[in-house]
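Trainee: Output the structure for:
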Amino acid sequence: MWKRFTSNYLDHPEHTFCFLCLRLKKITITTYLLSDYRRHNNVDMLFICSFDFIFIFEIVCFYIFFNNLYVDKPKMIDTTFEANNIIQSPITAWSECLKSIKCGVSQMTYNTWFLPIKPLEIKNKTLKIQLPSQFFWEWIDEHYNTLINNTIHEVIGPDARLAYVISEDNELLEFKTDELTTNSIERKTPIVTKKDFESSLNSRYTFDNFINGEGNQLARAAASAISENPGGTSFNPLFVYGGVGLGKTHLIQAIGNKAQSNFPNKRIIYLSTDIFTVEFVEAIQSNKVNEFSNFYKKMDVVIIDDIQFLIGKEKTQDLFFHIFNTLHQSRKQIILSSDKPPKDLKGLDNRLISRFQWGLTADIQPPDLETRIAILKRKAEDYGMNITGEIVDYIANNITSNIRELEGCLIKLLASASLNSKEINLELTKKTVREIATDRKVNVSIEYITKSVCEYFGLDENKLRDKTRKKEIVLARQIAMYLSKELTKSSLKTIGLHFGGRDHSTVIHACNSIEILKQSDISIKDILNTLKTSIEISSY
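Mentor: Alright, predicted model coming up:
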């Protein structure tokens with residue numbers, strides 16, 4: 001009864017006060033009546049004493065009650081003290097966060113995106129954590145921002161703040177949130193001499209993260225020399241050309257970043273030809289062509305990407321011709337990039353083509369196997385990915401001409417594994433490479449293709465070499481010829497010889513027949529896809 005009484009009234013002091021007043025009043029009146037009654041009547045003393053005992057008991061209870069209500073209570077466990085103990089250590093705070101985060105994500109996601117994060121320090125309820133790369137931070141911010149917000153608030157407090165430190169390119173870039181409930185990010189950059197223009201250089205493009213290989217040795221060496229002495233070498237202009245995704249933009253911006261570091265007061269600008277053209281048109285519209293031209297003539301280093309897009313723009317070519325002459329005569333550095341060498345830029349003014357060849361023309365070739373492997377390992381490290389040598393070798397062997405596709409393959413692998421809670425294994429890698437690669441290399445022979453087709457149709461391999469005209473054998477032979485043409489570099493004549501000495505016209509007819517069947521018969525398309533996938537997977 002007492003327990004129920006105290007639980008009801010301790011939490012409501014106003015109720016308690018009214019109750020006590022009523023009880024005391026009742027005790028006073030009852031005591032008086034009983035005393036009077038005892039004086040005038042001969043009442044059993046045991047009966048009277050029992051009432052007295054009850055009154056005394058109630059008074060004692062009231063004393064205990066008041067003591068609990070108004071006297072200092074025993075101190076409860078101070079959870080705030082425990083929380084403060086937790087947030088004193090960044091390692092402990094982040095460990096507590098990980099315990100909560102682990103319950104809300106898959107094991108694969110937890111291992112990929114949260115385990116690599118390192119706690120650095122905690123100060124004024126701001127937890128500073130280190131992420132392995134810019135890409136890593138962008139992914140975390142986009143997909144797990146709410147989860148981290150709630151967890152940090154729960155562990156540290158509702159006014160908690162978070163600071164990101166990104167370890168990239170051997171330097172620390174710091175990002176900071178004013179509050180975790182917002183997505184406002186501020187990047188801390190070194191204080192530099194104030195200029196009236198933006199260089200537009202991407203600080204991520206440096207020589208340190210540019211992988212050297214046989215295909216880019218000359219361009220890399222020339223770029224390094226220019227960055228140490230812009231305008232003072234014989235490599236002026238430097239004209240870098242090569243196919244898509246081979247690192248031209250990376251290399252020419254690396255020159256600008258290094259030169260800016262070596263010579264902080266030099267005026268260095270990077271832009272694409274498209275931007276140059278748009279700005280020129282705007283200058284014409286606002287009658288500021290002279291100002292536009294003088295702006296670029298005052299630069300110390302001008303870096304222009306994709307100069308081939310000047311083709312067909314005669315007025316822009318004429319203006320650029322005069323800017324080029326002024327810069328070159330003033331011994332200012334000019335750096336250009338293109339997908340073709342100057343002599344192949346048909347439609348460009350001959351005066352410009354001639355001047356582009358005054359300095360050094362250096363090409364960038366597709367990377368060899370060793371360079372591709374080095375690039376993949378470096379990118380995997382940047383993204384915080386832990387992949388086996390077998391997976392790296394497979395990607396490097398099947399994506400051979402485009403560095404951008406190598407990087408895209410890694411990003412897609414990481415996304416697929418994380419979103420689908422899968423491990424990055426060889427099977428997932430092969431599927432990703434098939435989807436992304438445009439120049440996939442398959443190490444397969446005509447003999448292996450023939451064997452695979454015969455196993456699928458349940459035929460003897462010699463049947464495909466016979467002169468028979470049976471429908472099922474003819475179809476299998478044509479499919480084998482079609483796949484041999486698709487998956488190998490063998491000539492039509494060589495393919496025909498493997499199928500009973502048939503000539504190249506038979507192979508052409510077979511390939512054309514299968515192409516027609518693919519369009520009209522979905523079952524043939526399914527057979528081709530099944531066989532092609534099986535051969536590619538087994539060819540590694």
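Trainee: When you work out contacts or count neighbours from here on, use the C-alpha atoms and nothing else.
Mentor: OK.
Trainee: Going by neighbour count, list what's buried in stretch 208-225.
Mentor: Using 16 or more other CA atoms under 10 Å as the test for burial, stretch 208-225 gives 209, 211-213, 215-220, 222-224.
Trainee: Same list, those residues, but as TSV with distance to Asp141, secondary structure and pLDDT please.
Mentor: Putting those into TSV (distance: CA to CA, whole Å; DSSP: H, G, I helix; E, B strand; the rest coil; pLDDT from 0 to 100) gives the following:
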residue	distance to Asp141	secondary structure	pLDDT
Asn209	24	coil	85
Ile211	29	coil	84
Asn212	33	coil	84
Gly213	35	coil	82
Gly215	37	helix	83
Asn216	36	helix	87
Gln217	38	helix	87
Leu218	40	helix	90
Ala219	37	helix	91
Arg220	35	helix	91
Ala222	39	helix	92
Ala223	36	helix	93
Ser224	36	helix	92
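Trainee: Which of the residues you listed sits closest to Val278?
Mentor: Proximity of these to Val278 was ranked by CA to CA; the top entry is Ala223 with 27.8 Å.
Trainee: which residue ranges form the helices in the stretch 51-200 of the chain?
Mentor: Listed in chain order, the helices of the stretch 51-200 of the chain (DSSP state H, counting those that start in this stretch) span residues 79-87, 90-102, 107-109, 134-143, 145-155.
Trainee: can you pull the contacts of Ile255?
Mentor: Each residue near Ile255 by CA atoms under 8 Å, 6 or more residues apart in numbering is listed here: Thr206, Phe207, Ala223, Ser224, Ile226, Ser227.
Trainee: Who are the contact partners of the third one?
Mentor: This means Ala223. Residues counted as contacts of Ala223 (CA under 8 Å, 6+ apart) are Leu251, Ile252, Ile255.
Trainee: quick one on the thing from earlier: now the helices of the stretch 51-200 of the chain in a markdown table, with mean neighbour count and distance to Asn294?
Mentor: Converted to a markdown table, these look like this (neighbours: other CA atoms under 10 Å; distance: least, CA to CA, whole Å):
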| stretch | mean neighbour count | distance to Asn294 |
| --- | --- | --- |
| helix 79-87 | 14 | 57 |
| helix 90-102 | 18 | 54 |
| helix 107-109 | 17 | 54 |
| helix 134-143 | 15 | 37 |
| helix 145-155 | 18 | 47 |
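Trainee: Is it possible to get those out as a markdown table so that each row also shows distance to Leu483?
Mentor: Putting those into a markdown table (distance: least, CA to CA, whole Å) gives the following:
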| stretch | distance to Leu483 |
| --- | --- |
| helix 79-87 | 63 |
| helix 90-102 | 47 |
| helix 107-109 | 38 |
| helix 134-143 | 39 |
| helix 145-155 | 48 |
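Trainee: Adding mean pLDDT as columns, could you present those helices in TSV?
Mentor: As requested, the helices of the stretch 51-200 of the chain are exported to TSV (pLDDT from 0 to 100):
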stretch	mean pLDDT
helix 79-87	45
helix 90-102	86
helix 107-109	79
helix 134-143	73
helix 145-155	84
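Trainee: which residues in the chain form strands?
Mentor: The residue ranges that make up the strands of the chain, judged by DSSP state E, are 118-123, 126-131, 161-168, 171-177, 185-187, 238-242, 268-272, 301-305, 333-338, 360-364.
Trainee: will you turn those into TSV that also has mean neighbour count?
Mentor: Output for the strands of the chain, formatted as TSV (neighbours: other CA atoms under 10 Å):
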stretch	mean neighbour count
strand 118-123	17
strand 126-131	22
strand 161-168	20
strand 171-177	17
strand 185-187	12
strand 238-242	25
strand 268-272	19
strand 301-305	24
strand 333-338	25
strand 360-364	20
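Trainee: quick one: which of the contacts of Ala223 is nearest Ile101?
Mentor: Within the set of those, Leu251 lies nearest Ile101; the separation is 40.4 Å, counting by CA to CA.
Trainee: low-confidence ranges in the stretch 101-250 of the chain?
Mentor: For the stretch 101-250 of the chain, applying pLDDT under 70 flags the ranges 134-135, 167-196.
Trainee: Quick check: Ile395 vs Ala374, distance?
Mentor: Using CA to CA, to the nearest Å, one gets 12 Å for the distance from Ile395 to Ala374.
Trainee: These two: which has the busier surroundings?
Mentor: With other CA atoms under 10 Å as the criterion, Ile395 and Ala374 differ in neighbour count, and Ile395 comes out ahead with 25 against 16.
Trainee: hang on, Asn216 packs against Asp368?
Mentor: No: with the criterion set as CA atoms under 8 Å, Asn216 and Asp368 do not qualify as a contacting pair; they are 10.3 Å apart.
Trainee: roughly how far is stretch 486-494 from the heart of the chain?
Mentor: Taking the mean of its C-alpha atoms, stretch 486-494 sits 40 Å from the chain's own mean (CA atoms, centre = their mean, to the nearest Å).
Trainee: Report the buried residues of it.
Mentor: By 16+ other CA under 10 Å, the buried positions in stretch 486-494 come out as Leu487, Thr488, Leu492, Thr494.
Trainee: What distance separates the opening and closing residues of it?
Mentor: One end of stretch 486-494 sits 14 Å from the other (CA to CA).
Trainee: just to revisit the earlier point, which of the buried residues of stretch 208-225 sits closest to Phe457?
Mentor: Nearest to Phe457 out of these is Gly215 (CA to CA; 44.8 Å).
Trainee: quick one: which of the helices of the stretch 51-200 of the chain is nearest Lys340?
Mentor: Scanning the helices of the stretch 51-200 of the chain with CA to CA as the criterion, the closest one proves to be helix 134-143, at 31.3 Å.
Trainee: on that earlier part again, out of the contacts of Ala223, which is nearest to Thr432?
Mentor: When those are compared for distance to Thr432, the smallest value, 28.0 Å, is given by Leu251; criterion: CA to CA.
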